[in-house]
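Peer 1: for reference, the sequence and a predicted model appear below.
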Amino acid sequence: EIIENGPVRATLRWTKKTGDSTFVHYLSVAAGVPMAIAKLDVDWKESHVMAKLAFDFNLKANDAWYEIPYAAIPRAAFWKTDADRAKWEVSGQKWSDYTNGDGKAGVSLLNNSKYGFDTKDTVMRISLLRSPKDPDPQADMHRHIIDYAIYPHAGDWRAASTPRKGWEFNAPLIVRPVDSHKGTLPAAKSFFSVEPANVILASIKKAEDSDALILRLYEATGKDSSFTLTLPAAAKSVEETNLMEETQKKLPAKGSKITMKIGHYELKTLKVAF
C-alpha cells in the first residue's frame, strides 16, 4: 500500500511472512535524491535459517565490487571455478556494486548495518539475518530494523562516486531547528572539505599528545591522484604522520589549504595545529 504520496516523498509499504517471521518493507523515493531508500522492520523467529535480500537486475558482468576498509575488491559474478564458488559469501562494508559489462550503467546497494553480500549471474544479495544456536540459543531472535538504499547510476561505481554515497548514507546530516541569532560565521560554511571526489576524509580526532587534530584521508577508487584539503582556518603547522600519529615529515602550512599527492587506495594521516 502507498502510505506517503506528497510532493517531497512517496513511500510504499508491504508485508511478507516466511515461516514464523514477518517482514514489513518500506521503500521511498524523494525529490532530488538519486536513489530509492528502504527500511526493513523484521520480527525474526527462525532457527538455523539464513535470510537474504535479493535483487535481480538486468545487468551482466564478470565481476561485482565490494567495499573493504579504505578500498574495494572485485569478486566473480559468474562462477567458473571452484575458487569462485568458494567465495559465494563476500565480506563488505557500506556498499556493493554491479555494473554492466559495457560500463554504461549499474546499481550500487548501500547499507549501514549488514556486511555480507553475494552476486551470482544477474542477482545481487545482502545477507540479513541468521539464527545459530551456539553459543547463544536466542541469537537474532528479536526485532530488527535494517536500512539500505538502491542507487542506480550511469557509468561504473567510480564515475558515480559510490564510495561517497556510502559514507553519506552511513553518516546522514543531522538537522536541528534553531532561532535566528547573531554570530561570526557566514550563512553557509564547510568546516572541512576535500577535492576531488575520489579522495575521502574518513575521520577527524584530537591528537593523543597535543591539541592538534588528526585527519585521516584515503583514495577510494584505485587511482593515483592529488587532492586539496580545505581547513576551517589557517593552520599553524601541518605534519604527515603514520597510523600511530608519529611524525614522518613536516609539510608547509600555507593558509587554509593543503595540497598533496596520494596513491591509489593510499591512506594519508595529517596532524594539523591551529
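Peer 2: That came through, no problem. Numbers count the residues shown, from 1 in each chain.
Peer 1: tell me where the stretch 1-150 of the chain has helices.
Peer 2: Assigned by DSSP state H, counting those that start in this stretch, the stretch 1-150 of the chain shows helices spanning 82-86.
Peer 1: what lies in contact with stretch 119-126?
Peer 2: Applying CB atoms under 8 Å, 6 or more residues apart in numbering, the contact partners of stretch 119-126 are 52-60, 64, 75, 77-79, 88, 90, 96, 98, 107, 109, 111, 114, 116-118, 148. In short, each C-beta sits where N, CA and C put it, glycine included.
Peer 1: show me how to select, in PyMOL, the buried members of the residues you listed.
Peer 2: Buried subset of the contacts of stretch 119-126, written as a PyMOL selection, criterion 16 or more other CB atoms under 10 Å:
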select buried, resi 52+53+57+59+64+75+77+79+90+96+98+107+109+111+114+116+117+118+148
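Peer 1: residue 20: neighbour count?
Peer 2: When neighbours are counted by other CB atoms under 10 Å, residue 20 registers 11.
Peer 1: contact partners for it?
Peer 2: Counting by CB under 8 Å, 6+ apart, residue 20 touches 45, 46.
Peer 1: for residue 45, see how far away it is.
Peer 2: Using CB to CB, to the nearest Å, residue 20 is found at 4 Å from residue 45.
Peer 1: so which helix or strand takes in residue 204?
Peer 2: Element membership for residue 204, per DSSP states H and E: strand 199-206.
Peer 1: so what touches that strand?
Peer 2: Against strand 199-206 from outside (CB under 8 Å, 6+ apart): 70, 163-164, 167, 192-194, 212-220, 225, 227, 229, 262.
Peer 1: strand partners (parallel or antiparallel) of it?
Peer 2: strand 213-219 (antiparallel) (DSSP bridges).
Peer 1: can you list contacts of the very next helix or strand once past the partner strand?
Peer 2: Heading C-terminal from strand 213-219, the first helix or strand you meet, by DSSP H and E, is strand 225-230. For strand 225-230, the external contacting residues (CB under 8 Å, 6+ apart) are 190, 192-196, 198-199, 201, 215, 217, 219, 256-262, 264, 270.
Peer 1: rerun at 7 Å
Peer 2: With CB atoms under 7 Å, 6 or more residues apart in numbering as the test, strand 225-230 has contacts from 192-196, 198-199, 219, 256-262.
Peer 1: select the longest strand from the protein.
Peer 2: Within the chain, and with DSSP state E defining each element, the longest strand by residue count is strand 143-154.
Peer 1: just the C-alpha atoms of the lengthiest helix in the chain, please, in PDB.
Peer 2: Counting residues, the longest helix found in the chain (DSSP state H) is helix 162-170. Written as PDB, here are the backbone C-alpha positions of helix 162-170 (Å, rounded to 0.1, in the frame of the first residue of the first chain):
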ATOM      1  CA  THR A 162      29.600   5.300  -4.900                       C
ATOM      2  CA  PRO A 163      32.100   5.400  -2.000                       C
ATOM      3  CA  ARG A 164      30.900   8.900  -1.100                       C
ATOM      4  CA  LYS A 165      27.300   7.900  -1.400                       C
ATOM      5  CA  GLY A 166      28.100   5.100   1.000                       C
ATOM      6  CA  TRP A 167      29.500   7.500   3.500                       C
ATOM      7  CA  GLU A 168      26.600   9.900   3.200                       C
ATOM      8  CA  PHE A 169      24.100   7.000   3.800                       C
ATOM      9  CA  ASN A 170      26.000   5.900   6.900                       C
END
